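Colleague: Can you look at this prediction? I've put the sequence above it.
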Amino acid sequence: MSRIGRMPITVPAGVTVTIADGNVVTVKGPKGELTRALRAEMIINQEGNTITVNRPSDDKLHRSLHGLTRTLLNNMIIGVTDGYKKELEVNGVGYRVAKEGKNLVMNLGFSHQVIVPEIEGINIEVPAPNKIIVNGCDKQIVGQFAAEIREKRPPEPYKGKGIKYVDEVIRRKVGKTGAKK
């Protein structure tokens with residue numbers, strides 16, 4: 001039995017979960033509303049404020065989907081109550097970011113500015129010229145958007161310049177040494 005899959009999910013106050021035909025789950029909360037179609041063969045039961053996920057058989061496919069389905073449901077509930085956040089840090093001389101309207105404008109050492117528009121379901125904050133915070137209620141969209149921002153100038157190993165996650169550790173390399181005789 002899946003250790004993660006068999007754990008019950010408690011639904012906090014202020015959150016409504018509706019399970020439609022074909023396991024289409026809609027979660028509404030203070031931060032927003034999320035809808036996701038989960039695999040139809042998984043058995044999702046809601047009793048009061050607890051949700052349990054069961055699998056129909058011990059097939060390899062059903063065993064692998066058991067924990068995944070439970071985690072996706074739990075992430076939706078956490079997203080509409082607390083939300084998800086990714087923090088990015090910009091390192092480099094002359095590298096800076098600013099928010100203009102709904103756009104994130106970045107000076108990253110190119111001959112032009114890199115402009116990234118804010119997408120639906122995502123909120124971008126720039127508390128400092130070298131810090132970006134991406135907020136949202138869908139964990140997958142927040143992580144993907146933060147990865148796309150980081151991709152504009154990934155950190156390089158020699159000087160550490162670029163965009164990195166706050167908790168990311170860049171393995172530094174030693175540069176060239178002088179001529180040896």
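Modeller: Nice, I can see it. Numbering: from 1, shown residues only.
Colleague: Strands along this protein, start to end?
Modeller: 9-10, 16-19, 24-29, 32-37, 43-47, 50-54, 84-91, 96-100, 103-107, 114-117, 122-128, 131-136, 162-165 (DSSP state E).
Colleague: quick one: strands adjacent to the third one?
Modeller: Translated: strand 24-29. Partners of strand 24-29 in the sheet, by DSSP bridges, are strand 16-19 (antiparallel), strand 32-37 (antiparallel).
Colleague: circling back: specify the stretch among the strands of the chain that is closest to Arg150.
Modeller: Nearest to Arg150, of all the strands of the chain, is strand 162-165, at 4.8 Å by C-beta to C-beta. C-beta coordinates here come from the backbone N, C-alpha and C atoms, glycine included.
Colleague: residues near Ile4, how many?
Modeller: Neighbours of Ile4 under the rule other C-beta atoms under 10 Å: 13.
Colleague: now do Leu68
Modeller: 16.
Colleague: What separation do you get for it and Leu38?
Modeller: 9 Å (C-beta to C-beta, to the nearest Å).
Colleague: quick one on the thing from earlier: any chance of the strands of the chain in TSV with mean neighbour count, mean pLDDT and distance to Lys152 as columns?
Modeller: Listed next are those as TSV, based on neighbours: other C-beta atoms under 10 Å; pLDDT from 0 to 100; distance: least, C-beta to C-beta, whole Å:
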stretch	mean neighbour count	mean pLDDT	distance to Lys152
strand 9-10	16	94	36
strand 16-19	14	93	37
strand 24-29	18	94	32
strand 32-37	14	93	27
strand 43-47	13	92	39
strand 50-54	18	93	38
strand 84-91	18	96	10
strand 96-100	14	95	10
strand 103-107	18	95	7
strand 114-117	13	95	5
strand 122-128	15	94	13
strand 131-136	20	96	11
strand 162-165	19	96	6
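Colleague: my guess is Leu104 meets Ile149, correct?
Modeller: Yes: using C-beta atoms under 8 Å, Leu104 is in contact with Ile149, at 7.2 Å.
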